[in-house]
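Peer 1: Predicted model, plus sequence, below.
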Amino acid sequence: MAQHPYIAIEGVIGVGKTTLARLMRDPFQAELLLEVFEENPFLSDFYADRARYAFQTQIFFLLSRYRQQHRVIGATLAHSPLISDYTFAKDRLFAHLNLAGDELEMYERVHNVLAEKIPTPDLVVYLRASVDTLMDRIAVRDRPYERAMSRDYIADLRLAYERFFADYHDAPVLPIDTDGLNWVSDPDALAHVVGRVRIALGDGPEQGRLPLFAEEPPSGDALISITSHRRLADFQRWQQTLDQGDAPLTDLYFNFIGLTQEVGELGAEVTAIWRQQKALYEKVGNQSQALDQAMTEHLPHLRAELADCLTYLFKLANQAGVDLESAYLEKVKR
């Protein structure tokens, strides 16, 4: 992954792109690039009469999006990660939905010239939702120019997005079903999405700086510090420091028994997720959406059980004198 990643969030009107972009800003310590659509003077007329105002609306958006992205993306990535709530490529999606004939041909000529000058994202997060969910969210935010938006238009747009990303190969795409996710009020839902984005970027979980110990190991907020990347060996040595002076916690056989117990508890949690996913699938009819909902609900317990297993692995490795990082790399090579 590049030093400063560029993440773009995409999806149908009302799916929650801008809200998620704002919430992801702090976890990724990123700058934001938010689409400016209120300034389009044709937008209200377009939603009232799509056929008449489609070309003016689309050309205005194309030039506006080009001006914004051309000015911001390169300059920002030179010093910071960037999260945007739209991609330049999506403009073409709307054009093919709303234009035809000579108007579409003219649009394509202009778009092709401009698109060459716009950087592509390192990752596109594609948010999905049902038409019912989209219409509910559009109604809740109650933007004046969206009040005349028809359900049929949203359904057509949703289908166009599905087709677009089925053939999109400019950047990796991470699809996320959002019907059962509320990252505004549920921190676990946000943590689930942020974790999936980090994994998709190849960044792994965020890792805080390990504390330096004096007489007593710190706790609470003292364990959370400036973000930096640690190696597995750093955590193994840290666990050894935590266990100093506590002989039972460094006993090989005691820790093996502890590990087996924690693996059993992890298995029970995974089983619970599988059962809930199966039950949700019967209601929503979508495996990915059902898994996302089940994972979000069980994420706190799953994280705790995985952490317990890792702790006992560190303890066992320290007691046996095994460098886990070296052993893992050697195993992978074979």
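Peer 2: Looks like it came in fine.
Peer 1: I'd like the distance from Asp188 to Leu32, if you could.
Peer 2: Separation of Asp188 from Leu32 (Cβ to Cβ, to the nearest Å) stands at 23 Å. The C-beta positions use only the backbone N, C-alpha and C, and glycine is treated the same way.
Peer 1: repeat for Ala115
Peer 2: Distance, Ala115 to Leu32, using Cβ to Cβ: 22 Å.
Peer 1: Show me the helices in the stretch 51-200 of the chain, by range?
Peer 2: 90-98, 101-115, 131-141, 151-166, 187-201 (DSSP state H, counting those that start in this stretch).
Peer 1: And those helices: which comes nearest Gln56?
Peer 2: Among the helices of the stretch 51-200 of the chain, helix 101-115 comes nearest to Gln56, with 9.9 Å by Cβ to Cβ.
Peer 1: That closest one - what's its average pLDDT?
Peer 2: For helix 101-115, mean pLDDT is 93.
Peer 1: got the angle between it and helix 90-98?
Peer 2: In terms of direction (axes from the mean of the first three to the mean of the last three Cα atoms, to 10 degrees), helix 101-115 departs from helix 90-98 by 180 degrees.
Peer 1: Go ahead and produce CSV holding the CA coordinates of stretch 149-168.
Peer 2: Taking C-alpha atoms only, stretch 149-168 is exported to CSV below (Å, rounded to 0.1, in the frame of the first residue of the first chain):
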residue,chain,number,x,y,z
MET,A,149,-37.2,11.9,-6.5
SER,A,150,-39.1,8.8,-7.6
ARG,A,151,-38.8,5.3,-6.3
ASP,A,152,-38.4,4.0,-9.9
TYR,A,153,-35.4,6.3,-10.4
ILE,A,154,-33.7,5.0,-7.3
ALA,A,155,-34.4,1.4,-8.3
ASP,A,156,-32.9,2.1,-11.8
LEU,A,157,-29.9,3.8,-10.2
ARG,A,158,-29.3,0.9,-7.8
LEU,A,159,-29.3,-1.5,-10.7
ALA,A,160,-27.0,0.7,-12.7
TYR,A,161,-24.5,0.8,-9.8
GLU,A,162,-24.6,-3.0,-9.6
ARG,A,163,-23.8,-3.3,-13.3
PHE,A,164,-21.2,-0.6,-13.1
PHE,A,165,-19.2,-2.3,-10.3
ALA,A,166,-19.6,-5.7,-11.8
ASP,A,167,-17.4,-4.5,-14.7
TYR,A,168,-15.2,-2.0,-12.8
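Peer 1: Which positions in it come out as buried?
Peer 2: 149, 154, 157-158, 160-161, 164-165, 168 (16 or more other Cβ atoms under 10 Å).
Peer 1: What is the burial count for Gly285?
Peer 2: 10 (other Cβ atoms under 10 Å).
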